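Student: Model the structure of this input:
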Amino acid sequence: MGTPTPFEDAWKTLQETSRLLKEQSQETDRRFQENERRLRELDKQIGRLGNRLGDFVQEMVAPAVVQLFADRGLQVHQLARNVQAKRNGQAMQIDLMVLNDDVAILVEVKSALSVDDVNEHLQRLAGFKTVFPRYADAGVMGAVAAMVIPDNVASYAYHQGLFVLGQRGETMQILNDAQFQPRTW
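Tutor: Numbering: from 1, shown residues only. Down below sits the predicted model:
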C-alpha cells in the first residue's frame, strides 16, 4: 500500500464530510421534533391557563350581573352559566345568560377582550333565536365582560349596542354611560 493519491484523499474527505453532515442532519431533526413537542405542550398549558383565567373572570362577573342589570332597570329572574345547544347543524355556547320574563341578555366573558371577540359575539347574537327557539319572543341583548378591555374595543362594543362590563377597582361595573341604548335582536 502506497501513499494515497489526491483523488483518494478527496474521496475520503468527501465521505467523512457526508457522514458528518448526515449526523448533524439527524441531530437537527431530533432537536426540531423535540422543540415541536415542547411547543405543543406549552400550547396546551397556555390553553389550560387561559381557560382557568376565563373561569376566574366568569366567577367575578356572574354574581355581579344581577345587581348591575337591576340598576339599569332590567330585573333578573334567572342566571344560567355555560348554556349550550345544537340545532340544525349549528352549535352555540353562551358563557352567561341573564333572563327575565321578556329579555335574555347573552354575556360573553373573556380575560382580555378584542374586536374579534366582539364580532364573534355579534354573530352569536344574530343566530341565537335559531339555535334557542324557545326565546323567539324575547328581546335579546348582548353584553361583553372582561378584566382587560382596551378603550377602542370598549368603544366598538358600545357602538355595536352591547353592554360593556369591566373591572373597576375591586368590582365589576357596566361601563356604558347613562345615555346608552342597547341593541335588541
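Student: any idea where the helices of the protein begin and end?
Tutor: Along the chain, the segments classed as helices by DSSP state H run 6-71, 115-131, 151-159.
Student: need these in JSON lines with mean neighbour count, distance to Arg87 and mean pLDDT, can you?
Tutor: Heads up, the C-betas are built off the backbone N, CA and C, glycines and all. JSON lines is the format used below for the helices of the chain (neighbours: other C-beta atoms under 10 Å; distance: least, C-beta to C-beta, whole Å; pLDDT from 0 to 100):
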{"stretch": "helix 6-71", "mean neighbour count": "12", "distance to Arg87": "24", "mean pLDDT": "80"}
{"stretch": "helix 115-131", "mean neighbour count": "16", "distance to Arg87": "5", "mean pLDDT": "97"}
{"stretch": "helix 151-159", "mean neighbour count": "16", "distance to Arg87": "27", "mean pLDDT": "97"}
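Student: So which of those is nearest Val103?
Tutor: Ranking these by distance to Val103, with C-beta to C-beta as the measure, places helix 6-71 first at 8.9 Å.
Student: Output the contacting helices and strands for the closest one.
Tutor: If you count contacts as 3 or more C-beta pairs under 8 Å, 6 or more residues apart in numbering; DSSP states H and E, helix 6-71 packs onto strand 78-87, strand 90-99, strand 103-112, strand 139-148, strand 163-168, strand 171-174.
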